[in-house]
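just need the structure, nothing else, for what follows:
(one chain, ligands or ions: 1)
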Amino acid sequence: MDRRGDPTRIMLAKQGYHLIGLGAVKPCLWLNRSLRGEDQCYKHYFYGISSHRCVQMTPTLQCNHLCLHCWRPIDDSMILGDFLEPRELLDAILNEQQRILSGYGGSEKTDLMKLREARKPSHIAISLMGEPTLYPYLKELVDEIRNRRMTSFVVTNGTKPEVLQIIRPTQLYLSLNAPTENVYMRIANPLGKLWGKILESLIVLKDHPSRTVVRITLIRNLNMEDPLEYAELLEKAEPNFVEVKAYMHLGRSRKRLGRENMPSHNEVMTFAEKLAHTMDYELSSHVPISRVALLSSKERTNAIDSV
Ligand code: SF4
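Below is the predicted model of the structure:
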């Protein structure tokens, strides 16, 4: 069905989302900066990802959470549309990325060598917005990305452990933003009782063949009281890495949270240091501008090998 006249879709398009079926691609600000020969995203410093060769996309705009800190410019959890088959979706996403890049060719500020590199994307970040495990062909999409010799990150809210069991991205992220069910209910506003699913997903992570990351977004006065409570949950997952990141007061989240809910980089570091100490992980890197710290288990090196 043609849904181009749908007001939600029109609003998303105005905000820079290039919509494809129920999915989308959006150039992030670090792509822009990297193409100008400026700074790169923290994932460059943590894992060696080149921001100008990274495609930020989602296979579905739908989500089963409505998190207070979410930047998504939509307030209802579900939006309607059709799922594309994985090859068709990936082709359309990559074509759209080429169209986005063509806009940089005429700018004097563009580093032309980087633009040439950007035309051959090396990494797909399935993390834009929405919950990717609601896309019924996520396994096939991730496999297709690998077949095309690109690396992939999948960021999930952990509510579909059965999907995590079968996907094999280069790096699998679980966003864990609450140490208890009470805090989870307040922050995530889930559609249903899903906390038990998140606990199951933590266990799935433990023996997962992909590199694993648990990401904690800290929101001042809401979920950053006690790092030790998180450590107990993280023990179930034994992830290779933990990213501790400040909530950023951006997008639609500004309607739900205040600027005062945004912790400083020092607060992030204090929390991360306590967590690292409790878990016996190494505080291996941090990027002040993004207010993020990386904790590494001692068995894994940070840099990602290409496919
Ligand atoms: S799980 Fe992610 S996409 Fe869904 S509401 Fe929360 S932050 Fe937004």
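
got the residues of the stretch 51-200 of the chain near the ligand?
Within the stretch 51-200 of the chain, the positions adjacent to the ligand are 63, 65-67, 70, 72, 129-131, 157 by C-beta under 6 Å from any ligand atom. Where C-beta positions appear, they are placed from N, C-alpha and C, glycine not excepted.

residue of the stretch 101-250 of the chain nearest the ligand, please.
Here the stretch 101-250 of the chain gets closest to the ligand at one residue, N157, 3.8 Å apart by C-beta to the nearest ligand atom.

ok, F83 - contacts?
Counting by C-beta atoms under 8 Å, 6 or more residues apart in numbering, F83 touches 21-22, 59-60, 135-137.

mind checking which of those land in strands?
Judged by DSSP state E, these include no members of strands.

most neighbours among the residues you listed, which one?
Comparing the contacts of F83 on neighbour count, P59 comes out first with 30 neighbours (neighbours: other C-beta atoms under 10 Å).

coming back round to it: pick the one among the contacts of F83 closest to S285.
P59 (29.3 Å; C-beta to C-beta).

just the pLDDT at that closest one, thanks.
For P59, the pLDDT comes out at 96.

closest to L12 among the contacts of F83?
Compare each of these with L12 using C-beta to C-beta and the shortest gap goes to L22, at 11.4 Å.

phi first, then psi, for the residue nearest to that closest one when sequence neighbours are not counted.
With C-beta to C-beta, 6 or more residues apart in numbering as the measure, G81 is the residue that lies nearest to L22, at 3.9 Å, once sequence neighbours are left out. For G81, the backbone dihedrals are phi 160, psi -170 (criterion: degrees, to the nearest 10).

what sits against G37?
In this structure, G37 makes contact with 111, 114, judged by C-beta under 8 Å, 6+ apart.

that one should be in a strand, yeah?
No. Remark: G37 does not belong to a strand; assigned using DSSP: H, G, I helix; E, B strand; the rest coil, it is coil.

how much space between it and A178?
40 Å (C-beta to C-beta, to the nearest Å).

still on that earlier bit, check contacts around the residue of the stretch 101-250 of the chain closest to the ligand.
Applying C-beta under 8 Å, 6+ apart, one finds that N157 lies in contact with 63-65, 131, 174-175, 188, 198.
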